[in-house]
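> how would this look folded up:
(chains A and B)
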There are 2 protein chains.
Amino acid sequence: MIVYLNGAYLDRAAARVSVDDRGFLFGDGVYEVTRAVRGHLFAHPHHLRRLERGLHALELAWPVGLGPAELTTVSERLLLENGLADGEATVYVQITRGGEGVPRQHVFPPASTPPTVFVAASRFPSREDLRRRGAAAITEPDVRWGRCDLKTIQLLPNILAKQRAEAAGAYDALLVRDGLVTEGAQSNAFMVLDDVMRTHPPGPRVLTGVTRDVVLEIAAELGLPVREEAVHAIDLSRTSEVFFTGTTTDVMPVVQIDGRPVGTGRPGPVARQLQEKLRERLDAVTASPLA
Amino acid sequence: MIVYLNGAYLDRAAARVSVDDRGFLFGDGVYEVTRAVRGHLFAHPHHLRRLERGLHALELAWPVGLGPAELTTVSERLLLENGLADGEATVYVQITRGGEGVPRQHVFPPASTPPTVFVAASRFPSREDLRRRGAAAITEPDVRWGRCDLKTIQLLPNILAKQRAEAAGAYDALLVRDGLVTEGAQSNAFMVLDDVMRTHPPGPRVLTGVTRDVVLEIAAELGLPVREEAVHAIDLSRTSEVFFTGTTTDVMPVVQIDGRPVGTGRPGPVARQLQEKLRERLDAVTASPLA
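A predicted model of the protein is given here:
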């Protein structure tokens, strides 16, 4: 696999960063994962805007010579060079505050310190079978920090929750904070309650996922009743459908929570319609227009 | 500077980790900073125990062949080889879940994946002048995650708070959660209120700092009234003394908060006594016994 690191295209095994890198020392960076279909990036302007918001919140500038347009070019080149321009793939982009050669200190390094930019493409991890059958989930306390709206590499709580899900034979965890379902450890969460599709409203407690927003658009087109209002964890037992959404998650129906069936115990009509319409949008993607 | 990375001693500039390293991708690791006097590690058993607790919480084992005894040997060798065996220095240890060659995924890599171990020694950043004069602090919302008792490399909120302090000309930030002072962005916080020395009790909202514990021991020896009970931010204006403690912080008197003087606006007698007694303990340190 060829990856991009700070201006160079090199073999993944040769792609190494300094131990001084603030990504490695502090988790001081942001990332994006974009889905690609036949070499074309899906909803890329949306990902680029979120990346920009993250950079801004961390007081990071776009790397010199690598703005949104160049990042798109790099991503498309990696898809091509790695034989991923057919079928589906994902492109991972990470930007950290760099820091090579700068002594470790919490405060930002000199403004002249170049950020570290890492881009890699991979085959899309299709879980189509699981999406058809539906997945299991567990509930877990949401112990993440107060800026979950930023897509940063501060992912230890997400990892630990996801690992607990894995250990329980589940696909992901439904995170619960102050009695409310916020989102998944690696996805957004939707619940159909009293015939209304519900998800946590935007704000510092959730990431406004790209697929979340696409799914909300589709739901509006289909005329499905939707409310961006959090669901109480105690009402999970009354939901007729639950599903996760995300770039690699797609629309993943949840048919069991903490061992108890959701609704009929099979994927429901809302999730199935959204899967189908998302598929149509993915298949319609062509060369990505820039933000 | 010679550093230690995964079994090798090499020049810091040559010390590089894979882009797959979960430290770099997820902030999936723990660290310690230990103070050294004349080549001897101060309170090292305490640091090793905390490191072990962190590894355990992250479900990481001690790296094969690198338990507490070997880590001590590595640390002492780095102090010697880098000409830091005279005067004062610090030793930084970081252990991440590794991941080289493993495709990026939230769930843990195969159990056979070796962790990454990075150890480096540096000259102690003495701020003796500032400790004598006293420092300024700002208050900042504490937006960290729910496991601040673990010394992990999830440090972005700490960095951002510390940077805001720096931008305001202050030394550190007093973090406030639910109206209570928890600790500093890079230190523990003590406040003298109504003649009682107060600090946030141990628990998931604060790190039980090594220097915090040493200072509590010293206070007990001196017969100073102490309560491990959080102070309300609104009571900061009534404190007669405030000070930060930490391995690189030592005992740092805070003489100004958000632009307003603390007590007399000069370091107070409690902080001064603790500085002196800590100094005595540091000067008495000899070859470190193991935990």
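> next SSE after the host helix or strand of residue A:10?
Secondary-structure assignment from DSSP states H and E places residue A:10 in strand A:8-11. Moving toward the C-terminus from strand A:8-11, the next helix or strand (DSSP H and E) is strand A:16-18.
> elements contacting that following strand?
Packed against strand A:16-18, as judged by 3 or more C-beta pairs under 8 Å, 6 or more residues apart in numbering or on different chains; DSSP states H and E, are the following elements: helix A:22-26, strand B:16-18. The way it works is simple: take the backbone N, C-alpha and C, and place the C-beta from them, glycine included.
> the ones you listed: which one's closest to residue A:87?
Closest to residue A:87 of the helices and strands packed on strand A:16-18 is strand B:16-18 (C-beta to C-beta; 26.7 Å).
> and for the closest one, what's in contact with it?
Contacts with strand B:16-18, where a contact means C-beta atoms under 8 Å, 6 or more residues apart in numbering or on different chains, come from A:13, A:15-19, A:24, B:5, B:23-24, B:99-101, B:116, B:118.
> from the chain's centroid, how far away is that strand?
Centroid displacement of strand B:16-18 relative to its chain, using C-alpha atoms, centre = their mean, to the nearest Å, is 24 Å.
> quick one: strands adjacent to it?
Using DSSP bridges, strand B:16-18 pairs in its sheet with strand A:16-18 (antiparallel).
> buried ones in the strand it pairs with?
For strand A:16-18, burial by neighbour count (16 or more other C-beta atoms under 10 Å in any protein chain shown) applies to A:16, A:17, A:18.
> mind checking pLDDT for the second one?
In the predicted model, residue A:17 carries a pLDDT score of 98.
> measure it to residue B:102 for me?
Relative to residue B:102, residue A:17 is positioned 16 Å away (C-beta to C-beta, to the nearest Å).
> before we move on, what about the last one?
Taken as C-beta to C-beta, the spacing of residue A:18 relative to residue B:102 amounts to 21 Å.
> who's in contact with residue A:166?
Contacts for residue A:166 (C-beta under 8 Å, 6+ apart) come out as B:107, B:108.
> which element, helix or strand, includes it?
Assigned by DSSP H and E, residue A:166 falls within helix A:156-167.
> following that helix, which helix or strand shows up next?
Downstream of helix A:156-167 (by DSSP H and E), the next one is strand A:172-177.
> what pairs with that following strand, parallel or antiparallel?
Looking at strand A:172-177 with DSSP bridges, its partner strands are strand A:135-141 (parallel), strand A:180-184 (antiparallel).
> so that strand versus helix A:156-167, what angle?
Orientation check (axes from the mean of the first three to the mean of the last three C-alpha atoms, to 10 degrees): strand A:172-177 against helix A:156-167 gives 130 degrees.
> other residues contacting strand A:172-177?
Counting by C-beta under 8 Å, 6+ apart, A:135, A:137-142, A:144, A:161-162, A:164-165, A:181-187, A:189, A:205, A:233, A:236, A:242, A:244, A:249, A:252, A:254, A:257 sit against strand A:172-177.
> show me which of these are buried.
Buried members of the contacts of strand A:172-177, counted by 16+ other C-beta under 10 Å: A:135, A:137-140, A:142, A:144, A:161-162, A:165, A:181-187, A:189, A:205, A:233, A:236, A:242, A:244, A:249, A:252, A:254, A:257.
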